[in-house]
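*Asks:* Let me see the structure of the following:
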Amino acid sequence: MSGGPVAQSTGGEPDGRRGPRIVISQKVAVGVVYVAGLFLSTLDMTIVNVALPSIGRAFSVPSTGVDTVSISYLVSLAVFVPASGWLGDRFGGKRTLLTAVAVFTLGSALCGMATSLGELVAFRILQGAGGGMLASVGMAMLLRAFAPGERVRASAILSIANGLAPTLGPVVGGLLVTSVSWRAIFYVNVPVGVFATVFGLLYLRNEPARPAERFDLTGFLLAGTGLGLLMYGVSEGPERGWTTAPLTACLACGAVLVVSMIVVELRKEFPMMDVRLLANRLFASGTAVMTVESVAFLGTLFTLTLYLQDERGMTPLAAGLTIFAEAMGVVIGSQLASRFLYRGLGPRRHLMLGTVGTSTAIALMSLWHEDTGLWWVRLLLFFMGLAVGQVFVATQSASFATVTSSSSGRASTLFNVGRRLGGATGVAVATTVLVSATGGSAGAGGAPDMSGYRAAFLTAAAINLLGLYAATRVSDADAASTIPAPRTGRRKHQLRRKRRPPALTRPVDHTPENA
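*Replies:* A predicted model of the protein is given here:
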């Protein structure tokens with residue numbers, strides 16, 4: 001990200017201020033706080049799974065009951081994401097984002113101090129509230145801080161967080177649970193959260209609030225309850241059975257509430273969930289691609305974890321280190337995307353390349369056996385990460401090109417709702433396919449059966465191809481403002497800047513960057 005820290009000397013001025021004073025670019029300030037918060041909230045979706053057996057033993061709770069620790073967090077995310085856009089607009093981005101990070105950090109500390117399962121679940125809900133708020137508010141602030149032509153570079157940083165966090169979860173969780181305690185998986189969030197909060201207080205700029213817009217209580221209740229029920233349903237469906245009466249009622253009620261929310265919100269001037277934004281073809285197409293990619297990506301990560309541990313007998317740490325090849329692919333792929341491919345191919349072809357590449361890599365995983373060489377496993381994981389990095393960067397860069405700055409908060413809310421629901425759906429689909437294809441033995445200590453894993457990989461690859469249609473609907477002309485200028489032009493601009501007099505010989509301009 002451009003715009004690094006700039007030291008400005010203020011010593012010797014008549015008002016008595018002492019220098020030097022450090023001014024941080026808003027691109028850096030927003031990026032640091034948002035990426036730190038996003039990384040932690042995404043990490044917590046997977047890091048806890050490794051610790052569930054230890055938590056169950058600590059509180060004398062059977063394995064069938066301890067999964068509420070994970071599900072309560074996912075449901076809380078779904079409930080509070082809809083309100084995040086309004087909160088950011090109403091109280092200003094800085095105040096809302098830092099409150100969200102502080103709430104998440106406090107929830108993490110309380111989770112580590114929990115003395116019963118009930119307390120832990122309650123504190124996980126608090127964590128989810130903070131995580132749900134920060135995702136949309138931080139993205140909206142990032143969109144405002146970066147000009148459209150610079151967003152591809154910001155997206156590369158976000159993609160690293162989105163790609164690394166789910167993969168690092170099992171690795172970090174396994175290390176902490178084995179070497180320290182299950183409580184450490186929550187305490188590890190605290191220093192990062194405190195740093196992000198203090199850094200934001202010092203360097204984030206206040207954004208103008210819009211207090212005239214009233215809180216859409218009806219929209220919040222319909223969206224929060226409907227999405228919460230759907231998140232609970234897709235999370236519990238594989239465990240309890242999709243045809244059981246409680247699960248069927250839960251999913252049906254959630255769907256009815258979401259449909260009702262859409263009908264109600266279409267009639268409001270200032271809706272909580274501005275579904276009218278989905279009439280914007282570019283935004284709707286990018287959101288659809290990200291949602292489908294989240295289904296395939298997290299569903300595949302879940303399947304990989306079971307394949308490596310249950311089928312091949314690897315420890316959680318060894319399995320996590322093997323899957324880390326995928327994270328490295330995302331990191332490198334994101335840099336290739338932001339520096340070369342997005343500009344060279346254009347958003348439409350770039351998205352199509354990433355979608356097809358992801359499906360190809362996942363489909364090839366269906367050829368694995370119980371004794372497939374780990375070099376082949378890591379190679380395919382790396383290739384999948386490369387492709388996923390293209391999709392992450394392109395969707396986050398292009399999707400908001402035709403969304404106005406005033407609508408960016410609500411657009412970020414819709415984008416993140418799709419991403420969160422997509423991830424939960426991916427794990428649910430993978431679990432259901434594994435159980436159906438292996439007669440209920442996969443992941444439950446039954447006899448090894450590769451048919452379930454092959455079916456799960458092929459299903460994820462097929463689902464991901466649905467994103468290819470959405471990618472074809474992306475118009476390069478609509479997203480033209482997000483395509484960076486050729487490097488030759490940028491070099492000339494940098495040379496011109498180098499010829500200017502030193503910064504200290506010019507008066508300091510205190511005008512906000514985004515005024």
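
*Asks:* Pull the contacting residues for the closest residue in space to residue 111 that isn't next to it in sequence.
*Replies:* Once flanking residues are discounted, residue 111 sits nearest to residue 186: 4.0 Å by Cβ to Cβ, 6 or more residues apart in numbering. The C-beta positions use only the backbone N, C-alpha and C, and glycine is treated the same way. When contacts are counted by Cβ atoms under 8 Å, 6 or more residues apart in numbering, residue 186 touches 108-109, 111-112.

*Asks:* would you turn these into TSV with neighbour count?
*Replies:* Formatted as TSV, these follow (neighbours: other Cβ atoms under 10 Å):
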residue	neighbour count
108	24
109	16
111	26
112	19
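
*Asks:* pLDDT below threshold where in the stretch 51-200 of the chain?
*Replies:* 63-65 (pLDDT under 70).

*Asks:* all helices in it, in order from the N-terminus.
*Replies:* Applying DSSP state H, counting those that start in this stretch to the stretch 51-200 of the chain gives helices spanning 63-66, 68-91, 93-112, 117-145, 151-179, 184-187, 189-203.

*Asks:* Need the CA coordinates for the second one. PDB is fine.
*Replies:* What that stands for is helix 68-91. C-alpha atoms of helix 68-91 as PDB (Å, rounded to 0.1, in the frame of the first residue of the first chain):
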ATOM      1  CA  THR A  68     -22.000 -24.500  20.100                       C
ATOM      2  CA  VAL A  69     -18.700 -22.700  20.800                       C
ATOM      3  CA  SER A  70     -18.200 -22.500  17.000                       C
ATOM      4  CA  ILE A  71     -21.800 -22.100  15.900                       C
ATOM      5  CA  SER A  72     -22.600 -19.300  18.300                       C
ATOM      6  CA  TYR A  73     -19.700 -17.200  16.800                       C
ATOM      7  CA  LEU A  74     -20.900 -17.800  13.200                       C
ATOM      8  CA  VAL A  75     -24.500 -17.000  14.100                       C
ATOM      9  CA  SER A  76     -23.400 -13.800  15.900                       C
ATOM     10  CA  LEU A  77     -21.500 -12.700  12.800                       C
ATOM     11  CA  ALA A  78     -24.500 -13.200  10.700                       C
ATOM     12  CA  VAL A  79     -26.800 -11.200  13.100                       C
ATOM     13  CA  PHE A  80     -24.500  -8.200  13.400                       C
ATOM     14  CA  VAL A  81     -23.200  -7.800   9.900                       C
ATOM     15  CA  PRO A  82     -26.400  -6.200   8.600                       C
ATOM     16  CA  ALA A  83     -26.200  -3.400  11.100                       C
ATOM     17  CA  SER A  84     -22.600  -2.600  10.400                       C
ATOM     18  CA  GLY A  85     -23.200  -0.400   7.400                       C
ATOM     19  CA  TRP A  86     -25.700   1.800   9.200                       C
ATOM     20  CA  LEU A  87     -23.500   2.100  12.300                       C
ATOM     21  CA  GLY A  88     -20.500   3.300  10.200                       C
ATOM     22  CA  ASP A  89     -22.600   5.900   8.500                       C
ATOM     23  CA  ARG A  90     -24.400   7.000  11.700                       C
ATOM     24  CA  PHE A  91     -21.400   7.300  14.000                       C
END
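
*Asks:* Could I get the buried residue list for that helix?
*Replies:* Neighbour counts using 16 or more other Cβ atoms under 10 Å place 68-91 of helix 68-91 among the buried residues.

*Asks:* rewinding a little: nearest to residue 155 among the contacts of residue 186?
*Replies:* Nearest to residue 155 among the contacts of residue 186 is residue 108, at 26.7 Å by Cβ to Cβ.

*Asks:* dump the residue contacts of the closest one.
*Replies:* Per Cβ under 8 Å, 6+ apart, neighbours of residue 108: 40, 44, 127, 186-187, 189-190, 193.

*Asks:* rerun at 6 Å
*Replies:* With contacts defined as Cβ atoms under 6 Å, 6 or more residues apart in numbering, residue 108 is in contact with 186, 189-190.

*Asks:* now swap in residue 402 and tell me
*Replies:* Residue 402 neighbours (Cβ under 6 Å, 6+ apart): 280, 282, 478.

*Asks:* Most neighbours out of those, which is it?
*Replies:* Sorting the contacts of residue 402 by how many neighbours each has (other Cβ atoms under 10 Å) puts residue 282 first, at 22 neighbours.

*Asks:* Surely it and residue 476 touch.
*Replies:* No - in this structure residue 282 lies outside contact range of residue 476 using Cβ atoms under 6 Å: 10.0 Å.

*Asks:* circling back: which of the contacts of residue 108 sits closest to residue 353?
*Replies:* Using Cβ to Cβ, the contacts of residue 108 come closest to residue 353 at residue 189, 35.4 Å.

*Asks:* Please report how far the closest one lies from residue 76.
*Replies:* 15 Å (Cβ to Cβ, to the nearest Å).

*Asks:* Where do the helices of the stretch 351-500 of the chain begin and end?
*Replies:* Going by DSSP H, counting those that start in this stretch, the stretch 351-500 of the chain shows helices at 374-398, 408-437, 450-464, 466-472, 487-499.

*Asks:* Helix or strand: which one has residue 247?
*Replies:* helix 245-265 (DSSP states H and E).

*Asks:* tell me which residues in the helix or strand following that helix are buried?
*Replies:* Once helix 245-265 ends, the next helix or strand along the chain (criterion: DSSP H and E) is helix 281-306. Neighbour-count burial for helix 281-306 flags 282-306 (criterion: 16+ other Cβ under 10 Å).

*Asks:* Burial check on the residue nearest to residue 74 when sequence neighbours are not counted, number of neighbours?
*Replies:* Distances taken as Cβ to Cβ, 6+ apart place residue 231 nearest to residue 74, at 5.2 Å, with adjacent residues excluded. Per other Cβ under 10 Å, the neighbour tally for residue 231 reads 26.

*Asks:* Just to check, residue 231 is in contact with residue 77?
*Replies:* No - between residue 231 and residue 77 there is no contact under Cβ under 6 Å: 7.4 Å.

*Asks:* Quick check: the gap between the residue nearest the centre of the chain and residue 401.
*Replies:* When Cα atoms, centre = their mean is applied to the chain, the residue found nearest the centroid is residue 162 (5.0 Å). Noted for residue 162: a distance of 20 Å to residue 401, by Cβ to Cβ.

*Asks:* closest to residue 358 out of the helices of the stretch 51-200 of the chain?
*Replies:* helix 151-179 (11.9 Å).

*Asks:* excluding its backbone neighbours, what's nearest residue 280?
*Replies:* Per Cβ to Cβ, 6+ apart, closest to residue 280 is residue 402, 5.7 Å.

*Asks:* For the one you found, give me phi and psi.
*Replies:* The phi/psi pair for residue 402 (degrees, to the nearest 10) reads phi -110, psi 10.

*Asks:* Just the pLDDT at it, thanks.
*Replies:* Predicted confidence (pLDDT) for residue 402: 91.

*Asks:* what do you get for the one 5 residues further on?
*Replies:* Confidence per residue is given as pLDDT, and for residue 407 that number is 83.

*Asks:* and the gap between the closest residue to it other than its chain neighbours and residue 418?
*Replies:* Leaving aside its chain neighbours, residue 407 sits nearest to residue 277 (6.4 Å; criterion: Cβ to Cβ, 6+ apart). Distance, residue 277 to residue 418, using Cβ to Cβ: 12 Å.

*Asks:* Residue 191 too?
*Replies:* Counting by Cβ to Cβ, the separation of residue 191 from residue 418 is 31 Å.

*Asks:* Comparing those two, which residue is more hemmed in?
*Replies:* A side-by-side neighbour count of residue 191 and residue 418, using other Cβ under 10 Å, places residue 418 first with 21 against 10.

*Asks:* To what extent is residue 330 buried, counted in neighbours?
*Replies:* Using other Cβ under 10 Å: residue 330 sits among 28 other residues.

*Asks:* quick one: contacts of the strand or helix carrying it?
*Replies:* Residue 330 is part of helix 316-336, with elements assigned from DSSP H and E. By Cβ under 6 Å, 6+ apart, the residues outside helix 316-336 that reach it are 50, 156, 159-160, 163-164, 167, 170-171, 174, 304-305, 308-309, 378, 381-382, 384-386, 388-390, 393.
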